[in-house]
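Asker: Sequence and predicted model, in that order:
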2 protein chains.
Amino acid sequence: MRSDHPPGRLPEPPGPIADDGDEAHFCRTCAFAGACQAVGYGKPELRQLHCLVEHVGPFRTGEYVFRTGNPFRAIFAVRSGTVKTSMVDKEGREQVLGFYLPGEVIGLNGIYPEHFPCDAIALETSYFCRFSFPAMSALAARMPAVQHHLFRLLSKELGSASLLAGDHSADERMAAFLADLGQRCAARGFSGTRFQLSMSRGDIANYLRLAAETVSRVLSRFRGQGLIQVEGRQLVILDPVGLRRIGRSLLPG
Amino acid sequence: MRSDHPPGRLPEPPGPIADDGDEAHFCRTCAFAGACQAVGYGKPELRQLHCLVEHVGPFRTGEYVFRTGNPFRAIFAVRSGTVKTSMVDKEGREQVLGFYLPGEVIGLNGIYPEHFPCDAIALETSYFCRFSFPAMSALAARMPAVQHHLFRLLSKELGSASLLAGDHSADERMAAFLADLGQRCAARGFSGTRFQLSMSRGDIANYLRLAAETVSRVLSRFRGQGLIQVEGRQLVILDPVGLRRIGRSLLPG
DNA sequence: GGCCTGCCTTGATCCGGATCAAGAACCGCC
DNA sequence: GGCGGTTCTTGATCCGGATCAAGGCAGGCC
């Protein structure tokens, strides 16, 4: 949801995710921050968690982090940048499954099939923390906090997957999408009301199961209603409450 | 997908799930059979897995196994009968999330929120194995096979949740639904081509994000095409290959 | 028996969003 | 600079499935 190069279009300061933390504190908004805290900083166990992490990147826009069918060996936490995951069905139609921001984890759906069931594609230059899954499982067995954290991550993703399933109007979907994105940006320490859409209209449409033209029209309508301000991929949410109200049937809580 | 009372409408013999197995072999088509095998029958660890299971039921048609908001303490494996899980959104509209057959597990989506995010309702008289989740986690920490099995269950559910998300025609959805159901019945040792729909047309429609009338029409059309035979809730799949072809874009594999 | 209540089916109509089409804005590249 | 490709926007038309409406059928209850 942000460019990792100073683009001159984003009014925020570089942001807290710009770099990973030092050895002691790990990535500041790391996907495993919760687990680390539970373990307790400074404990030897934390060192073990750090040991199985590998920093990978950069992946440039359009590059694959992993591909459908690749053997599942690791999960990835976004360190900076944005990724989309998508499947290509038997008819060759793409199906966007999700967008992931810094601090979020991709690859969990590869555990069961033991191969990644989807592609993960960088939407802008992106960096990741790579967690070897066998190593992580082994560590989880010795550290209940890590195990529980993994269960939680899986379960959380399960919850968000069922949200998109409902039959909702284009307006509801779009509003919920924007409100959710804003909220997730805010949770990562960015502005929750002013951010970049790093994905194309086509990707948004595909994700929301709409046509790209519909996405365009709804955005225009929302702008006309004073809910948002859009200029290309730069977005400002003017009325978060209104947006949230429109999308409330899809939104958690 | 079957009645647990001899209904006289289902030509199959009582079926292998009619009762749980003995102490040593546990439920024959148990959701944790894989974990048990990995542990090795007869090992003391298996005894521990058995210890944390509690057999609950019967739940009569329409009764709740758990409700939205109930504190999450356990997961449930269906021993016999069928369940649907559903959420009620802020507008009061029901949203069916899934149907579960013997050997399948419900409640995993409660881990993260620590409360069940949905209702689980018996569609016919049903029995369950209740696994205390704290106890199960603790056991998982000591038994890698159990831990891995839990990860797999979660990840598998993640995969199936994303299937419904795509935009597919009513015919595709319906065909995929029937083919999937048949396959799951077969995997549990029942007939994969001749079974009871234990859910109403309304529930199917809701699950597939269609109107009940559409479900009715598609079933009639499929019958006309010689794909299936339907009489109330009794279903016979006449052309599994044809059905599978229609629904192939949604079906795994 | 008669009546009521769900559930299911079938027909008629309507509407939201897909699709088709055309043009605008914005690249990167030669 | 000019040019071709991609992305985005907006308008016109079309269609699949929702909605409205009516009737059939089975089970439960008085």
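Answerer: Cool, got the structure. Note that the structure is predicted; figures quoted are calculated from it, not measured. Numbering: from 1, shown residues only, chains lettered A, B, ... in the order given.
Asker: tell me the SS of residue A:58?
Answerer: Reduced to three states with DSSP: H, G, I helix; E, B strand; the rest coil, the structure at residue A:58 is strand.
Asker: and residue A:234, how many residues sit next to it?
Answerer: Residues near residue A:234, counting by other C-beta atoms under 10 Å in any protein chain shown, number 15. C-beta coordinates here come from the backbone N, C-alpha and C atoms, glycine included.
Asker: so what's the residue nearest to residue A:180 when sequence neighbours are not counted up against?
Answerer: With sequence-adjacent residues excluded and distances taken as C-beta to C-beta, 6 or more residues apart in numbering or on different chains, residue A:180 is closest to residue A:251, at 6.8 Å. Residue A:251 makes contact with A:176, A:179-180, A:244, according to C-beta atoms under 8 Å, 6 or more residues apart in numbering or on different chains.
Asker: Which two of the residues you listed have the greatest separation?
Answerer: A:180 and A:244 (9.5 Å; C-beta to C-beta).
Asker: for chain A, what's the longest helix?
Answerer: helix A:144-163 (DSSP state H).
Asker: Give me the angle between that one and helix B:144-163.
Answerer: Angular relation of helix A:144-163 and helix B:144-163 on a 0 to 180 degree scale: 20 degrees, by axes from the mean of the first three to the mean of the last three C-alpha atoms, to 10 degrees.
Asker: Give me the helices and strands touching helix A:144-163, please.
Answerer: Under the contact definition 3 or more C-beta pairs under 8 Å, 6 or more residues apart in numbering or on different chains; DSSP states H and E, helix A:144-163 sits against helix A:33-39, helix A:133-142, helix B:133-142, helix B:144-163.
Asker: and the next element down the chain from that helix?
Answerer: Sequence-wise, the next helix or strand downstream of helix A:144-163 (DSSP states H and E) is helix A:170-187.
Asker: so what secondary structure elements neighbour that next one?
Answerer: strand A:194-196, helix A:201-208, helix A:212-224, strand A:234-237, helix A:240-246.
Asker: buried set for the last one?
Answerer: Neighbour counts over helix A:240-246 (16 or more other C-beta atoms under 10 Å in any protein chain shown) mark A:240, A:242-244, A:246 as buried.
Asker: For residue A:86, which three-state class applies?
Answerer: Under three-state DSSP, residue A:86 comes out as strand.
Asker: bridging residues for it?
Answerer: Bridge pairing for residue A:86 (DSSP bridges) gives the partners residue A:96, residue A:119.
Asker: for it, what are its contacts?
Answerer: Contact analysis of residue A:86 by C-beta under 8 Å, 6+ apart lists A:94-97, A:118-119, A:121, A:206.
Asker: one more time with 6 Å, if that's ok
Answerer: A:94-97, A:119 (C-beta atoms under 6 Å, 6 or more residues apart in numbering or on different chains).
Asker: Any stretches of the stretch 1-150 of chain A with poor pLDDT?
Answerer: A:1-45 (pLDDT under 70).
Asker: Quick check: residues of it near chain B?
Answerer: Residues of the stretch 1-150 of chain A lying close to chain B by C-beta under 6 Å from any C-beta of the partner chain are A:89-91, A:95, A:97, A:109, A:111-112, A:117, A:141, A:144, A:147.
Asker: would you list the helices and strands packed on helix A:144-163 in CSV and tack on distance to residue A:189?
Answerer: Formatted as CSV, the helices and strands packed on helix A:144-163 follow (distance: least, C-beta to C-beta, whole Å):
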stretch, distance to residue A:189
helix A:33-39, 12
helix A:133-142, 25
helix B:133-142, 31
helix B:144-163, 27
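Asker: Single out the most deeply packed of these.
Answerer: Greatest average neighbour count among the helices and strands packed on helix A:144-163 goes to helix B:144-163 (a mean of 21), per mean count of other C-beta atoms under 10 Å in any protein chain shown.
Asker: Now do it against helix B:133-142, angle only.
Answerer: Using the same axes, to 10 degrees: helix B:144-163 against helix B:133-142 is 120 degrees.
Asker: how distant is helix B:144-163 from the center of its chain?
Answerer: Counting by C-alpha atoms, centre = their mean, to the nearest Å, helix B:144-163 is centred 14 Å from the centre of its parent chain.
Asker: among the contacts of residue A:86, which ones are buried?
Answerer: Buried by 16+ other C-beta under 10 Å: A:95-97, A:119, out of these.
Asker: Sort out which one of the contacts of residue A:86 lies nearest residue B:161 for me.
Answerer: Nearest to residue B:161 among those, with distances taken as C-beta to C-beta, is residue A:97, at 9.9 Å.
Asker: The closest residue to that closest one other than its chain neighbours: what's it in contact with?
Answerer: Leaving aside its sequence neighbours, residue A:97 sits nearest to residue A:85 (C-beta to C-beta, 6+ apart; 4.5 Å). Contact analysis of residue A:85 by C-beta under 6 Å, 6+ apart lists A:97-98, A:106, A:118, A:120.
Asker: Most neighbours out of the residues you listed, which is it?
Answerer: Neighbour max across the contacts of residue A:85 (other C-beta under 10 Å) = residue A:120, 27 neighbours.
Asker: which non-adjacent residue is nearest that residue?
Answerer: residue A:65 (4.0 Å).
Asker: same thing with residue A:214?
Answerer: residue A:170 (5.2 Å).
Asker: Spell out which residues of the stretch 151-253 of chain A are next to DNA strand D.
Answerer: A:167, A:200-202, A:212-213, A:215-217, A:219-220, A:230, A:232-233 (C-beta under 7 Å from any atom of the strand).
Asker: now, which of these sits nearest DNA strand C?
Answerer: residue A:213 (4.0 Å; C-beta to the nearest atom of the strand).
Asker: Distance of the residue at minimal distance from the centre of chain A relative to DNA strand C?
Answerer: Nearest to the mean C-alpha position of chain A, by C-alpha atoms, centre = their mean, lies residue A:100 at 1.6 Å. Distance of residue A:100 to DNA strand C, given as C-beta to the nearest atom of the strand, to the nearest Å: 23 Å.
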